[in-house]
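Q: okay, here's the prediction I keep looking at, along with the sequence it came from:
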Amino acid sequence: MLTDTPFHDYSCHHSDMWLLNDIIDLCQEGQVFYFQAKESVADYNLKRIFSRMAVIRRRMLADLIPLFNLEKQVPIIFDRAVNDINPTYVAAYDSVTHLHTEQAIMVILKMERLVLMRLKLAVKQANSQRVALQLADGTAWLQITCDQLTALKAQSQYQ
């Protein structure tokens, strides 16, 4: 748990607002995608991983939105459908609903690698230690889940 000390600034720097806005959008889109995708797949293991991805993004949103709202003073309203989100997620949703599990996993992994690259870059770009720590925590959980998805892909290749 973070505690304030005279040597550390855990407040959110105003210059991190664009970064938080970008990552919050990314997490919202991912949460919508994974929530809907888990309902569209039959494979239990894939459904479980999709559920975990949605939960991780919900946790990240719970951590990041208050930081953004603190500076912005405008609440973020979250109400999206899958067709309102990034075209990458729409294409991934199509692959989940129309392709075999192994092919869908490859599409999802490609997309998640891009998300992870963006999150890792955001950790480096954050000016506030608090923002960087929140982003790093979420990034670590997403990396673990991506590793599980990679293992599932390898497992499905041998079946």
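A: Cool, the structure landed. Remember, it's a predicted structure, so these values are computed and weren't measured experimentally.
Q: which helix or strand in this protein has the lowest average pLDDT?
A: Within the chain, no helix or strand scores below helix 87-98, which has a mean of 76 by mean pLDDT, DSSP states H and E.
Q: right, and the helix or strand after it?
A: Per DSSP states H and E, the first helix or strand lying C-terminal to helix 87-98 is helix 101-125.
Q: quick one: distance of the following helix or strand past that following helix to the chain centre.
A: Going down the chain from helix 101-125, the next helix or strand is helix 129-157, by DSSP H and E. What separates the centre of helix 129-157 from the centre of its chain is 9 Å, taken as Cα atoms, centre = their mean, to the nearest Å.
Q: where does pLDDT dip in this protein?
A: 1-14, 70-88, 159 (pLDDT under 70).
Q: next, residue 41: secondary structure please.
A: coil (DSSP: H, G, I helix; E, B strand; the rest coil).
Q: tally of neighbours for it?
A: 16 (other Cβ atoms under 10 Å). The C-beta positions use only the backbone N, C-alpha and C, and glycine is treated the same way.
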